[in-house]
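**Q** sharing a model prediction with you, sequence too.
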Amino acid sequence: MTQPAELPPVLFLSHGAPPLADDARWTSELADWSGAIEKPKDILMISAHWENAPVTLSATQQKNELVYDFWGFPRKYYDVRYDAPMAPELAAEVERLTAIHGHHVERDETRGLDHGAYVPLKEMFPEADVPVVQMSMPTLDPAGLFELGKSLAPLRDRGTLIVGSGFTTHNLRWFNPAAGADSTPPAASSEFDHWAEEAMARGDVDSILDFMHKAPAAREAHPRSEHWAPLYVSLGAAYASGGIDAKTAIDGFWYGLSKRSWTLT
């Protein structure tokens with residue numbers, strides 16, 4: 001197997017809701033981010049919007065409709081297409097690697113990509129020419145997801161981009177369309193964002209995994225942890241490749257939610 005000249009990074013991104021496509025600043029930031037990354041062989045997406053045990057992989061045999069897992073939006077958001085190629089080789093490698101670590105993997109050939117996957121990918125790889133498979137989170141347990149991420153680290157050797165897709169703060173009670181996307185965020189969102197920035201810069205895995213006890217305003221920032229949990233998988237994949245060097249790729253807030261995203265090398 002030909003090794004890539006440099007290991008692809010591991011990403012954690014704040015993925016945005018469907019109206020992300022209307023935010024010129026954020027879409028530009030995502031495009032600039034992907035432009036600084038060598039085009040990957042394929043992409044493994046771990047989205048906050050797919051929890052399923054055991055580990056399950058999305059369709060690899062035929063294209064399926066995107067999963068429009070949101071309600072009450074204008075029609076145009078349900079007409080979005082993202083016809084990325086299937087990634088059967090990547091799926092087989094995920095099965096092999098995770099089985100070594102005791103995971104049984106299933107396939108759901110009826111499932112397409114959900115909005116935690118296709119919304120950011122459409123901005124980062126708009127030509128939809130990179131094969132993609134999505135993997136479910138079988139648990140929200142931090143240690144379990146971190147270990148799962150570690151098992152996936154060898155994917156980087158074959159040129160796979162591993163992407164955890166969540167949100168650095170995610171409390172929809174803060175979402176106020178009338179206030180505007182650039183409104184001042186709640187103090188709890190700012191405090192958690194600042195803590196996350198510093199903890200990631202230190203590579204403080206223990207604190208990040210135990211965020212509910214270590215981070216300020218943790219329960220306000222994440223009433224439920226599913227949008228923080230994909231970070232555990234990304235951290236595990238980076239950690240097992242030799243350590244964590246995290247650099248903020250995108251920061252700022254969107255309707256009070258922290259859109260901070262990281263490149264892990």
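**A** Structure's in. What do you need?

**Q** please enumerate the helices of the stretch 1-150 of the chain.
**A** In the stretch 1-150 of the chain, the segments counted as helices under DSSP state H, counting those that start in this stretch are 24-35, 88-100, 115-124, 142-152.

**Q** and these, which is most packed in?
**A** Across these, the average number of neighbours (mean count of other C-beta atoms under 10 Å) peaks for helix 115-124, which reaches a mean of 25. To be clear about C-beta, it is placed using only N, CA and C from the backbone, and glycine gets the same treatment.

**Q** show me the shaky parts of the stretch 1-150 of the chain.
**A** Low-confidence regions of the stretch 1-150 of the chain, defined here as pLDDT under 70, cover residues 1-5.

**Q** contacts for stretch 136-146?
**A** Stretch 136-146 has contacts (C-beta atoms under 8 Å, 6 or more residues apart in numbering) with 46, 48, 50-57, 103, 148, 205, 209-211, 225-226, 229-230, 232-233, 235-236, 239.

**Q** columns distance to Trp262 on top of the helices of the stretch 1-150 of the chain, output as TSV?
**A** Written out in TSV, the entries for the helices of the stretch 1-150 of the chain read as follows (distance: least, C-beta to C-beta, whole Å):
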stretch	distance to Trp262
helix 24-35	10
helix 88-100	22
helix 115-124	13
helix 142-152	14
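
**Q** among the ones you listed, which is nearest Asn64?
**A** With C-beta to C-beta as the criterion, Asn64 lies closest to helix 115-124 of these, at 11.6 Å.

**Q** now the angle from that closest one to helix 24-35?
**A** Interaxial angle of helix 115-124 relative to helix 24-35 (axes from the mean of the first three to the mean of the last three C-alpha atoms, to 10 degrees): 80 degrees.

**Q** what is helix 115-124 packed up against?
**A** For helix 115-124, the packing partners by 3 or more C-beta pairs under 8 Å, 6 or more residues apart in numbering; DSSP states H and E come out as helix 24-35, strand 42-51, strand 132-137, strand 160-166.

**Q** on the C-terminal side of the longest helix belonging to the chain, identify the next helix or strand.
**A** Longest helix in the chain by number of residues, with DSSP state H as the criterion: helix 187-202. Next along the chain after helix 187-202, taking DSSP states H and E as the criterion, comes helix 205-209.

**Q** now do that following helix: distance to the chain's middle.
**A** In this view, helix 205-209 has its centroid 18 Å away from the chain centroid, taken as C-alpha atoms, centre = their mean, to the nearest Å.

**Q** what sits up against it?
**A** Contact with helix 205-209 is made by 142-143, 146, 196, 199-200, 214-215, 231-232, 235, 239, 244, as judged by C-beta under 8 Å, 6+ apart.

**Q** same thing but 10 Å
**A** Residues from elsewhere that reach helix 205-209 (C-beta atoms under 10 Å, 6 or more residues apart in numbering): 141-143, 145-146, 195-196, 198-200, 202, 213-215, 228, 231-232, 235-236, 238-239, 243-244, 246.

**Q** mind giving me the ChimeraX command for buried ones among those residues?
**A** Selecting in ChimeraX just the buried members of those, where the criterion is 16 or more other C-beta atoms under 10 Å, is done with this command:
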select :142,145,146,195,196,199,200,215,228,231,232,235,236,238,239,244,246
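
**Q** quick check, central residue of the chain?
**A** When the chain is reduced to its mean C-alpha position, the nearest residue by C-alpha atoms, centre = their mean turns out to be Ser165, at 1.5 Å.

**Q** show me what that residue bridges to in the sheet.
**A** Beta bridges link Ser165 to Leu13, Ser47 when assigned by DSSP bridges.

**Q** of the helices and strands packed on helix 115-124, which is nearest Lys76?
**A** For the helices and strands packed on helix 115-124, distance to Lys76 was read as C-beta to C-beta. The smallest value, 15.1 Å, belongs to helix 24-35.

**Q** grab the nearest non-local neighbour of Trp174.
**A** Using C-beta to C-beta, 6 or more residues apart in numbering and skipping residues adjacent in sequence, the residue nearest Trp174 is Gly256, 3.8 Å away.
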